[in-house]
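Engineer: Structure for the following, please:
(one chain, ligands or ions: 1)
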Amino acid sequence: MDFELDQDHKMLRDSVRDFVTKEVRPLAIDIDAKHRIPDDLIAKYAEMGFLGSYVPEAYGGAGLDILSYAIVVEELSRACASSGVLVSAHSSLGCDPILHFGTEAQKKRWLPDLASGKKIGAILLTEPEAGSDVANIQSTYRREGDEFVIDGNKVFITNGGFLGTGIVFASRDRALKHKGLSAFIVDLSSKGVTALRNEEKLGIRGSYTTAFALDGLRVPADALLGEEGRGFKIAMETLNGGRIGIAAQALGIADGALERSIAYAKERKQFGKPIADLQAIQFKIAEMATRVETSRLLVYLAATRKEKGLPFATDSAMAKLHAAETAVAVTREAVQIHGGNGYTVEYEVERMYRDAKITEIYEGTSEVQKIVIARALLG
Ligand SMILES: Cc1cc2nc3c(=O)[nH]c(=O)nc-3n(C[C@H](O)[C@H](O)[C@H](O)COP(=O)(O)OP(=O)(O)OC[C@H]3O[C@@H](n4cnc5c(N)ncnc54)[C@H](O)[C@@H]3O)c2cc1C
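Structural biologist: Coordinates of the predicted model:
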C-alpha cells in the first residue's frame, strides 16, 4: 500500500497548480461576480486536456486515469470551484456515460467534440418533482418510426447554458417507475430544447445551472444510450463516478481555504504577535488540515478503485460525504480566522464558504450518501 502520489501524478499536480495559480486564480473573483467563466479560459482548459482527461486518446482525450482527473478538479477548485464543477460535470456526467454505456459508433460520434471542448457535456436528470427520488422522473418519451420524441422539464442542469451535449433521462411509462427510464444523448441546441433560465445562486456562480423545457424533442433511434429501460442503472452508476469529481471539488475548496488561512494567520498581527501564535488559531488550523487530509485519502482511494475496476460506489459516497462536510466546516473556520477581512470579497474565503455548500447537495445530498453507505453495510 503506497500513500504517496507517484512521480507522474506529482508532476501533473504541479503543472496544473502552476497553470491555475497563473491563469485561473487572478480571475476567480471576477468569475463569481460576473456569473461566467470566460470562453478563452475554457479554451485553455481544453488545450490543457482537462475536458477529456480520462477519455481515451482514440476518442480525442488525454487518456489519463481517474486519479489524474480528480487531481485536475481538486487543483482547479482550490482557486475556482465554478471551474472545478464545469470540468467535473462535463467529464463525469457528460462524457462518462457515453464512455461506459455507449456503442462504438456513439463514442466516435460524441466523444471527440466533448474531449476537445467543442461541446460541453451535461446530465439532465433532475426535474421539479424528481430530485433525490430519481425514479419519479415525469419526462416521457415515445417511439415514432426511427425517432424518439421526448417531452418534459428539467431543472438545475450544470453546464446547461452552453447548450452542448446532454444525457437526457425520460420515462416510457411513468407507472413503471425506475424500470421505465431510458437515457438519450442529445444535442442541446436541437429544436424542441428550450433553455428557460440560468439560476441565481448562493455559490459556484460562474457555473451555469439551467432549467430546460423539452417540447416534442425528436432524436434519432441511435440517440438511445444503453438498453431501453436501463436508464435508472445508467443514472446511478454515472452518479457513483460523478461523486469522485464532486468530492475532489470539495477537497480543493477546503484545501484552498486552508492554504489562505495559514498564510493569513502568520501575517495578521494582534496583541503584538501573529494570530498564528494563538492556540485558538493553531487548533483550528490543525483540525482543518486533518479534515482536508482525510478527505484527500478518501477521494484518491475512490478514484484508484474506480480506475482498477474494483467496486467503488461506497468509497465514492464516503469520499463525497466527508469531503463535502469538510469543505463547509473548513471554509467556515477560514472566514473566522480571517476575521472581518474574511467577510469581504477581496480575501476570497467568503466565496469559498458560499461555494462549499453545494457539495453537500448535488449528485446526491449528504443524506443520500448516508443511505448509499448504510445500504452497503446493512444490506
Ligand atoms: C447548483 C446545482 C447544480 C446541479 N446540477 C445538476 C445537474 O447537472 N444535473 C442534474 O440532473 N441535477 C443537478 N442538480 C440537482 C441536484 O442533484 C438535486 O438538487 C439534488 O439531488 C437534491 O434533489 P432536490 O433538490 O430535489 O432535493 P430533495 O430530493 O427534495 O431533498 C430535500 C431534502 O430532503 C432530503 N431527503 C430527500 N429524500 C430523502 C431520503 N429518502 N432520506 C433522507 N433524506 C432525504 C434531502 O437530503 C434534502 O435534505 C443540481 C442542483 C444544484 C443546486
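
Engineer: what separates the residue of the chain positioned farthest from its centre from the ligand, distance-wise?
Structural biologist: Taking C-alpha atoms, centre = their mean, the residue of the chain most remote from its mean C-alpha position is Gly272, at 43.4 Å. Counting by C-beta to the nearest ligand atom, to the nearest Å, the gap from Gly272 to the ligand is 45 Å. Backbone N, C-alpha and C define where each C-beta goes, glycine included.

Engineer: give the contact list for that residue.
Structural biologist: Not one residue lies near Gly272 by C-beta atoms under 8 Å, 6 or more residues apart in numbering.

Engineer: Look at it and report its pLDDT.
Structural biologist: At Gly272 the predicted local distance difference test score is 98.

Engineer: Kindly report the same for Phe3.
Structural biologist: 89.

Engineer: Please verify my assumption that it contacts Leu297.
Structural biologist: Yes - using C-beta atoms under 8 Å, Phe3 is in contact with Leu297, at 7.3 Å.

Engineer: So for the two, which sits in the more crowded spot?
Structural biologist: Leu297 (13 against 8; other C-beta atoms under 10 Å).

Engineer: Point me to the helix or strand that includes that one.
Structural biologist: Per DSSP states H and E, Leu297 falls inside helix 279-307.

Engineer: Ok, Pro97 next?
Structural biologist: Going by DSSP H and E, Pro97 is in helix 96-101.

Engineer: What's the first helix or strand after that helix?
Structural biologist: Next along the chain from helix 96-101, counting by DSSP H and E, comes helix 104-115.

Engineer: what does that next one rub up against?
Structural biologist: 51-52, 55, 59-62, 90, 94-95, 98-99, 102, 118-121, 164-165, 185, 222, 225.

Engineer: number of nearby residues for Pro26?
Structural biologist: Neighbour tally, Pro26, other C-beta under 10 Å: 10.

Engineer: ok, it to Ala79 distance?
Structural biologist: Taking C-beta to C-beta, to the nearest Å as the measure, Pro26 and Ala79 are separated by 9 Å.

Engineer: quick one: pLDDT of the residue in the chain positioned nearest to the ligand?
Structural biologist: Residue nearest to the ligand within the chain: Gly131 (1.6 Å; C-beta to the nearest ligand atom). On the pLDDT scale, Gly131 is placed at 97.

Engineer: go on, the one 3 residues further on?
Structural biologist: Looking at Val134, its pLDDT reads 97.

Engineer: quick one: which helix or strand includes the nearest residue to it once chain neighbours are set aside?
Structural biologist: Nearest residue to Val134 in three dimensions, chain neighbours excluded: Ala235, at 5.7 Å (C-beta to C-beta, 6 or more residues apart in numbering). Taking DSSP H and E as the definition, Ala235 sits inside helix 231-267.

Engineer: Please list the residues of the stretch 1-150 of the chain that sit near the ligand.
Structural biologist: Proximity of the stretch 1-150 of the chain to the ligand, by C-beta under 6 Å from any ligand atom, involves residues 89, 122-126, 131-132.

Engineer: Surely Ala334 touches Arg260?
Structural biologist: Yes - counting by C-beta under 8 Å, Ala334 does reach Arg260; the two are 6.4 Å apart.

Engineer: Give me the more crowded residue out of the two.
Structural biologist: Neighbours were counted for Ala334 and for Arg260 using other C-beta under 10 Å; Ala334 has more, 30 against 20.

Engineer: Excluding covalently adjacent residues, which one is nearest to the more buried one?
Structural biologist: The shortest distance from Ala334 to any non-neighbouring residue, by C-beta to C-beta, 6+ apart, is to Ala257 (3.8 Å).

Engineer: quick check, Leu214 in a helix?
Structural biologist: No - remark: Leu214 does not belong to a helix; assigned using DSSP: H, G, I helix; E, B strand; the rest coil, it is strand.

Engineer: Can you pull the phi/psi pair for Leu124?
Structural biologist: The phi and psi values for Leu124, taken as degrees, to the nearest 10, are phi -110, psi 90.

Engineer: That one and Thr359: what is the separation?
Structural biologist: 21 Å.

Engineer: Those two: which has the busier surroundings?
Structural biologist: Thr359 (32 against 29).

Engineer: Looks to me like that one is in a helix.
Structural biologist: Yes - under three-state DSSP, Thr359 sits within a helix.

Engineer: Tell me the spacing between it and Lys320.
Structural biologist: Distance of Thr359 to Lys320, computed by C-beta to C-beta: 7 Å.

Engineer: Between those two, which contacts overlap?
Structural biologist: 246-247, 250.

Engineer: picking up where we left off before, where do the contact lists of Ala334 and Arg260 overlap?
Structural biologist: Joint contacts of Ala334 and Arg260 (C-beta under 8 Å, 6+ apart) are Val349.

Engineer: sorry, back to before: so the residue nearest to Val134 is in contact with Ala170, correct?
Structural biologist: No - counting by C-beta under 8 Å, Ala235 stays clear of Ala170, with 11.4 Å between them.

Engineer: Give me every residue in the stretch 251-379 of the chain lying close to the ligand.
Structural biologist: Within the stretch 251-379 of the chain, the positions lying close to the ligand (C-beta under 6 Å from any ligand atom) are 358, 361-365, 367-368, 371.

Engineer: Buried ones among those residues?
Structural biologist: Neighbour counting with 16 or more other C-beta atoms under 10 Å marks 358, 361-365, 368 as buried within those.

Engineer: Would you reformat those as TSV and include distance to Gly206, secondary structure and pLDDT?
Structural biologist: Output for these, formatted as TSV (distance: C-beta to C-beta, whole Å; DSSP: H, G, I helix; E, B strand; the rest coil; pLDDT from 0 to 100):
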residue	distance to Gly206	secondary structure	pLDDT
Ile358	12	helix	98
Ile361	17	coil	98
Tyr362	15	coil	98
Glu363	18	coil	97
Gly364	23	coil	97
Thr365	22	coil	98
Val368	26	helix	98
